[in-house]
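Undergrad: Just to be clear, the model below is a prediction. Sequence and coordinates:
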Amino acid sequence: MNELVIVNNLTKVYEKKKLALDHMNLAIPRGRIIGLLGPNGSGKTTLIKLINGLLTTTEGEIFINGKKPGSETKAWVSYLPERTYFQESMQVKELISYFSDFYSDFRPEKAQQMLANLGIDENARLKTLSKGTKEKVQLIMVMSREAQLYILDEPIAGVDPAARDYILKTIISNYNENATVLISTHLISDIEKILDEVIFIRDGRVILQDTVENIRERKGKSVDSYFREVFAC
Amino acid sequence: MLGKLLKHEWKAVWKVPMLMFGVLMIMAVLAGLTFSLPIWDSEWIGLPLSGVMLLLMFYFSMIGVTVGVSIYFAVRYYKNMFTDEGYLTHTLPVTTHQLLISKVITMCGWELIASLAVILSLILFGWVTVLSLIPKDSSFAREVLEAFGELFRAIPELWRSPEFRGINGFGASIVVMMITSVFSNAMVMIGSVNLGQMVRRHRILGAVGAYFAIQMVMQIATTLFVMPVMMMQIEAIDYYMEVSPFAVMTPMYYIMAVIFLAVGIGLYFLSEYLIRRQLELE
């Protein structure tokens, strides 16, 4: 089975009858870096949260390695949310100990090396760090796992271009070759160079899933240009 | 995984309750020390009044610690489970039962420690008071100590007297009732926060509403179950008084313990279901 994630007929309706995902069908293969692309409110974050078990489905199913989201799948998925989610009072070294305790695939030495490269003090408390540094710490923790699926929700939004380069470099050099990286973003031009495949989402439905190579060959455009064409207002 | 959850939970929470206990002990010492000051016989009302104020502050510190610990853990539970921190909590490779049990054990543990801290502060207050009185009126302090000594010496004899028959069962019922009430208190807090999540747009307000609703149901249940037993016992009061006055209270405490246990277990499974099947992180 080459598919790591299978989404069947997935529907999510929020309160106030807001339809976020509309009978979505999707298969995410292994060993790829995939861009989950779509305009704001298209359902990217909802899909990600459902895969991580942070929301409950209205209809349909999700399978990760053949299992529904639960404690078992959480051991395989390394998730970076689009917000700062660690306890502010924690020290960086406490985070390392926390991740080491809970995730058997976490490699503390890898995290320590990346922190040292960035000059981040392990004794520093998160509340004393700048927003950008906190985001880097989060990314380091997430990418220091040898997970089967990395899900990065807007990893480069709100950081300066230099930091973007660092983040992309960290993603490429640290992910497990057999794993899949799913990156949700609307800053396509910045990440296009690292993507193998893209998934376009509009109004809670998948409207395109193809390789970056195919898009370039068949459409004669970059993914960014094609995205602008498809989602033109 | 439960052990790891407990380890990190205790590591994350110990500072705030310990700070509260520290303040309580300081208040106990200060309140006790007021008896060594020459303020009680002062002509000016302000001085004895300030002494009374200090004693009252100690009294409110005791209440503050008990209530404060509960509120602190309820707020922490909410933050840890349903705000940004929930993104980490709910992506840990642990089951909902493990997550919930770790929270319940920690909360119950700290509520028991808070009760012990209140008892300890009272002992400390009494001790400092006696020590404060010795220089002023050594005979009074001696009398107090002697009275306590006599009381302790008399306890074994009292224990064996017919009036104290049934006191062991009574003591056991109080202990059982207290333990189950700590569990139910923790579950009422946790259950309220979880039920509040169902009110998607006003989650905190929902939790507060759920708390008062649960308390009301518990009050009604206690009244419904305890009152008939009390009435029956009052009717047979002569018989009970003949046996032992403690026997009157014992069944009531056990009934209350059963109610606390039932509420606690019910809220536990409801909470587990709500987290597992109804989780909606914003």
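TA: In hand now; what should we look at?

Undergrad: is the spatially most central residue of chain A in a bridge, and if so with what?
TA: With distances taken as C-alpha atoms, centre = their mean, A:L152 lies nearest the centre of chain A, 1.8 Å away. Judged by DSSP bridges, the bridge partners of A:L152 are A:L80, A:I183.

Undergrad: That one contacts A:Y175, correct?
TA: No. The pair A:L152 / A:Y175 is not scored as a contact, 9.8 Å apart, by C-beta atoms under 8 Å. Every C-beta, even on glycine, is put in place using the N, C-alpha and C of the backbone.

Undergrad: Doesn't B:R200 lie inside a strand?
TA: No. Counting by DSSP: H, G, I helix; E, B strand; the rest coil, B:R200 falls outside a strand, being coil.

Undergrad: and it, how many residues sit next to it?
TA: Counted with other C-beta atoms under 10 Å in any protein chain shown, residues neighbouring B:R200 total 13.

Undergrad: Also the one 4 residues further on?
TA: For B:I204, the count of nearby residues is 14 (other C-beta under 10 Å).

Undergrad: helix or strand for it, which one?
TA: helix B:203-235 (DSSP states H and E).

Undergrad: and if you look at A:H23?
TA: strand A:19-29.

Undergrad: List the contacts of the helix or strand bottoming out on mean pLDDT in chain A.
TA: Sorting the helices and strands of chain A by mean pLDDT, DSSP states H and E puts helix A:161-174 at the bottom, at a mean of 78. The contact list for helix A:161-174, computed with C-beta atoms under 8 Å, 6 or more residues apart in numbering or on different chains, reads A:33, A:110, A:114, A:118, A:132, A:135-136, A:139-140, A:143-144, A:150, A:152, A:155-156, A:159, A:181, A:183, A:187, A:190-191, A:193-194.

Undergrad: quick revisit: what is the strand holding A:H23 packed up against?
TA: strand A:3-13, helix A:44-51, strand A:59-64, strand A:180-185, strand A:197-202, strand A:205-211 (3 or more C-beta pairs under 8 Å, 6 or more residues apart in numbering or on different chains; DSSP states H and E).

Undergrad: Which strands and helices lie in contact with the next helix or strand after that strand?
TA: Proceeding N to C from strand A:19-29, the next assigned helix or strand is strand A:33-37, under DSSP H and E. Strand A:33-37 sits against helix A:44-51, strand A:180-185, helix A:188-191, strand A:197-202, helix A:223-230, with contacts defined as 3+ C-beta pairs under 8 Å, 6+ apart.

Undergrad: report the angle between the axes of the fourth one and strand A:180-185?
TA: It refers to strand A:197-202. 40 degrees (axes from the mean of the first three to the mean of the last three C-alpha atoms, to 10 degrees).

Undergrad: packing partners for strand A:197-202?
TA: Counting by 3+ C-beta pairs under 8 Å, 6+ apart, strand A:197-202 packs on strand A:19-29, strand A:33-37, strand A:205-211, helix A:223-230.

Undergrad: tilt between the one helix or strand B:V193 maps to and helix B:203-235?
TA: Applying DSSP H and E as the criterion places B:V193 in helix B:167-196. Between helix B:167-196 and helix B:203-235, the angle comes out at 150 degrees (the same axes, to 10 degrees).

Undergrad: if we can go back for a sec, find residues that contact each of A:L152 and A:Y175.
TA: The contact lists of A:L152 and A:Y175 share A:V181, where a contact means C-beta under 8 Å, 6+ apart.

Undergrad: rewinding a little: of the helices and strands packed on strand A:33-37, which approaches B:M198 most closely?
TA: helix A:44-51 (18.1 Å; C-beta to C-beta).

Undergrad: Quick one: mean pLDDT over the closest one.
TA: Helix A:44-51 shows a mean pLDDT of 94 in the predicted model.

Undergrad: Just the buried residues of it, please?
TA: Across helix A:44-51, burial judged by 16 or more other C-beta atoms under 10 Å in any protein chain shown covers A:K44, A:T45, A:T46, A:L47, A:I48, A:K49, A:L50, A:I51.

Undergrad: so what secondary structure elements neighbour the helix ranked longest in chain B?
TA: Using DSSP state H, we find that the single longest helix of chain B is helix B:96-136. Packing partners of helix B:96-136 (3+ C-beta pairs under 8 Å, 6+ apart): helix B:2-13, helix B:15-33, helix B:46-82, helix B:138-160, helix B:167-196, helix B:246-278.

Undergrad: How about the residues of the stretch 151-282 of chain B by chain A?
TA: Residues of the stretch 151-282 of chain B lying close to chain A (C-beta under 8 Å from any C-beta of the partner chain) are B:R200, B:R201, B:R277, B:Q278, B:L279, B:E280, B:L281.

Undergrad: Doesn't the last one belong to a helix?
TA: No. Assignment of B:L281 by three-state DSSP gives coil, placing it outside any helix.

Undergrad: what's the burial count for the nearest residue to it once chain neighbours are set aside?
TA: Nearest residue to B:L281, sequence neighbours excluded (C-beta to C-beta, 6 or more residues apart in numbering or on different chains): A:L54, at 4.4 Å. Neighbourhood size, A:L54 [other C-beta under 10 Å]: 22.

Undergrad: And B:Q197, by the same measure?
TA: Residues within reach of B:Q197, counting by other C-beta under 10 Å, total 22.

Undergrad: residues contacting it?
TA: B:Q197 touches B:F82, B:R203, B:G206, B:A207, B:L274, B:Q278, B:L279, B:E280, counting by C-beta under 8 Å, 6+ apart.

Undergrad: list the contacts for the closest residue to the fifth one other than its chain neighbours?
TA: Yep, that's B:L274 we're talking about. Distances taken as C-beta to C-beta, 6+ apart place B:N194 nearest to B:L274, at 4.6 Å, with adjacent residues excluded. For B:N194, the contacting residues are B:L270, B:S271, B:L274, B:I275, by C-beta under 8 Å, 6+ apart.
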